[in-house]
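Enquirer: Attaching a predicted model along with its sequence, questions to come.
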Amino acid sequence: MIRLGVNIDHVATLRNARGGTFPDPVAAADLAIASGADGITAHLREDRRHIRDADMPRLRALSAPLNFEMAATDEMVRIACELRPHACCLVPESRQEVTTEGGLDVVGQREALTPRIVRLKEAGIRVSLFIDPDTRQIETAAALGAPVVELHTGAYALGGGHELERLQKAAETAAACGLELHAGHGLTYDNVEAIAALKGVAELNIGHFLIGQAIFDGLGPAVQRMKRLINS
Ligand SMILES: CC(=O)[C@@H](O)[C@H](O)COP(=O)(O)O
Ligand SMILES: NCC(=O)COP(=O)(O)O
């Protein structure tokens with residue numbers, strides 16, 4: 001059974017549009033869990049453009065595991081070690097980006113990442129690295145002691161010609177390295193099944209599409225349909 005992690009960032013985008021408390025991303029997360037989500041993903045960005053600090057302990061208190069997406073900064077490591085979520089997923093960040101544009105460069109940032117991964121693991125947090133489907137990135141992630149890699153599916157979602165083959169090769173490499181395989185970014189009803197078919201994939205994290213589709217279907221039915229699709 002492939003786990004579905006529902007990323008609720010963009011419920012917070014809508015909430016913040018008026019500076020109030022509605023819609024509450026925590027209430028949305030609770031509904032997603034009741035509808036079949038196996039976990040909740042929330043990205044506390046450095047610029048707090050959507051998820052805010054006060055959301056995190058309320059999300060942590062829900063009945064499903066929290067996957068805290070974060071940049072590999074001292075600030076976020078401190079917050080994570082205080083919060084102690086089930087998991088942290090280290091992602092690249094820049095203020096200028098509309099959304100996460102690529103994977104974390106674990107090869108180039110090996111020295112800076114090592115102590116931060118150690119600290120998170122010492123806090124009992126499952127560490128995942130959000131990377132491009134690249135052999136060297138996957139092998140380096142394993143060498144850094146991360147038990148999980150999450151493959152960035154954004155290029156595939158945008159229609160990259162050979163991206164599915166890259167992802168299929170990356171899944172083989174992750175399995176050979178003994179890594180747990182996750183994937184996410186830009187996944188929809190129409191493109192998710194090929195990603196769910198990747199060798200050994202254990203979890204898919206899906207947000208923007210589900211929150212948008214909830215406008216038309218309702219969040220519960222959207223989560224239920226996506227859960228069926230990834231396990232069909
Ligand atoms: C890492 C990733 O692909 C997403 O989970 C990330 O949260 C995207 O950033 P936004 O949610 O701000 O679009
Ligand atoms: N790590 C991917 C994620 O959490 C959701 O990405 P998206 O579905 O919002 O593009």
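Expert: Looks like it arrived, so ask away. Ligands and ions are numbered 1, 2, ... in the order given.

Enquirer: Check the secondary structure at the residue most central in space within the chain for me.
Expert: Taking CA atoms, centre = their mean, the centroid of the chain lies closest to residue 205, which sits 4.9 Å from it. Three-state assignment for residue 205 (DSSP: H, G, I helix; E, B strand; the rest coil): strand.

Enquirer: Tell me who's in contact with it.
Expert: 5, 6, 7, 41, 67, 89, 150, 182, 183, 184, 185 (CB atoms under 8 Å, 6 or more residues apart in numbering). In short, each C-beta sits where N, CA and C put it, glycine included.

Enquirer: So which of those would count as near ligand 2 as well?
Expert: By CB under 6 Å from any ligand atom, the members of those lying near ligand 2 are 7, 41, 150, 184, 185.

Enquirer: Quick one: those residues as TSV, columns for distance to residue 218 too.
Expert: Formatted as TSV, the ones next to ligand 2 among the contacts of residue 205 follow (distance: CB to CB, whole Å):
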residue	distance to residue 218
7	18
41	20
150	27
184	22
185	23
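
Enquirer: Just the ones in strands from those, please.
Expert: 7, 41, 150, 184 (DSSP state E).

Enquirer: so what's the closest residue to residue 183 other than its chain neighbours bridging to?
Expert: Take residue 183 and drop its neighbours on the chain: the residue closest to it by CB to CB, 6 or more residues apart in numbering is residue 151, 4.5 Å away. Note on residue 151: beta-bridge partners by DSSP bridges are residue 131, residue 183.

Enquirer: Tell me if I'm right that residue 106 and residue 139 touch.
Expert: No: judged on CB atoms under 8 Å, residue 106 makes no contact with residue 139 at a distance of 9.4 Å.

Enquirer: Quickly note the distance from residue 42 to residue 225.
Expert: Between residue 42 and residue 225 the distance, using CB to CB, to the nearest Å, works out to 22 Å.
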